[in-house]
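Trainee: What follows is a predicted structure for the sequence shown.
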Amino acid sequence: MPDQILIERDGPAGVATVVLNRPQSHNAITIDMYRELPGLLAGLDAEPDVLVVVVRGAGEKAFASGADIAEFERERGDAERARRYNEHVAAAERALDGMVKPTIAMIHGYCIGGGAGLALACDMRFADDRARFAITPSKLGLVYSLESTRRLVDLAGPSRATWILVSGQQIPAERAVALGLFDDVVPSADLAAATYGFAEVVTTRAQYSVRKGKEMVRRVMAGQLTDDEETLAIRNGSFDTGDYAEGVRAFLEKRPPRFTWR
């Protein structure tokens with residue numbers, strides 16, 4: 001049986017790809033995949049040569065069509081089993097949401113249910129023009145988790161988030177980008193180039209700036225609106241990395257900077 005999650009490194013230097021590898025099931029996410037994701041993501045976050053992580057589904061028909069409903073009777077057949085299952089889902093989404101390094105969901109086709117949950121936990125979402133986004137607990141008699149709902153509200157706002165949740169309707173790509181759910185939509189044939197081209201740009205930037213900038217965004221989204229000792233230390237710390245001096249020197253010498261901080 002092939003691995004249900006693959007780690008690929010055949011893109012630009014510094015970019016690792018997490019592949020949801022069940023194309024025969026539109027990459028429906030199994031409980032084993034949810035269990036495996038936190039450890040895999042922690043490993044990539046700790047790996048010095050990995051600067052950006054892309055998450056995608058195998059093939060071009062689906063990012064992920066949702067959690068594997070074929071497992072529901074066995075894994076979510078009563079409240080206790082459902083609680084354990086939901087804990088694994090939450091742990092996987094938290095691991096993705098909590099990564100220090102930037103994450104990009106590369107979305108071909110269906111991005112539904114549990115697939116949408118993983119995509120929302122990424123920092124950015126690039127999609128093809130055939131992509132369809134939906135969150136479907138109202139079609140299954142379930143309730144979306146608070147954390148996942150918070151990510152949806154952060155992107156789409158409370159009114160549109162409510163519409164998405166109560167209807168369970170599939171949203172086409174152009175509508176999804178207008179709602180803020182996707183950051184870019186391109187023709188299917190161009191999606192890999194757009195995603196990995198952007199990821200490669202991020203690898204050329206000062207990584208202290210990249211990671212701490214991401215942390216600042218996270219703090220704002222958590223409600224912090226004024227500097228404290230920690231945020232001031234983060235900002236002032238940039239002057240001690242060596243990359244600041246290199247960035248200024250490269251600008252004055254009219255050449256690309258050679259950043260080294262990891």
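Mentor: Cool, got the structure. Residues are numbered from 1 along each chain as shown.

Trainee: Confirm for me that Ala67 is in contact with Gly114.
Mentor: Yes. With contact defined as CB atoms under 8 Å, Ala67 reaches Gly114; the gap is 3.7 Å. The C-beta positions use only the backbone N, C-alpha and C, and glycine is treated the same way.

Trainee: which residues do the two both contact?
Mentor: Common neighbours of Ala67 and Gly114, counting by CB atoms under 8 Å, 6 or more residues apart in numbering, are 28-29, 89.

Trainee: Check which residues of stretch 96-113 are buried.
Mentor: Neighbour counts using 16 or more other CB atoms under 10 Å place 96-97, 99, 101-113 of stretch 96-113 among the buried residues.

Trainee: List the contacts of the lowest-mean-pLDDT helix or strand in the chain.
Mentor: When each helix and strand of the chain is scored by mean pLDDT, DSSP states H and E, helix 72-75 comes last, with a mean of 84. With contact meaning CB under 8 Å, 6+ apart, helix 72-75 is reached by 31, 81-82, 85.

Trainee: Which among the residues you listed count as buried?
Mentor: Neighbour counting by 16+ other CB under 10 Å classes 31, 85 among the contacts of helix 72-75 as buried.

Trainee: Secondary structure, pLDDT and distance to Ala156 added to the contacts of helix 72-75, as CSV?
Mentor: Formatted as CSV, the contacts of helix 72-75 follow (DSSP: H, G, I helix; E, B strand; the rest coil; pLDDT from 0 to 100; distance: CB to CB, whole Å):
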residue, secondary structure, pLDDT, distance to Ala156
Ile31, helix, 96, 28
Arg81, helix, 89, 31
Ala82, helix, 89, 26
Tyr85, helix, 91, 26
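
Trainee: Now the two most distant members of the contacts of helix 72-75.
Mentor: Pairwise distances across these (CB to CB) peak at 11.4 Å, for the pair Ile31 and Ala82.

Trainee: Where strands are concerned, which of the buried residues of stretch 96-113 count?
Mentor: Of the positions in the buried residues of stretch 96-113, 103-107, 110-112 sit in strands, assigned by DSSP state E.
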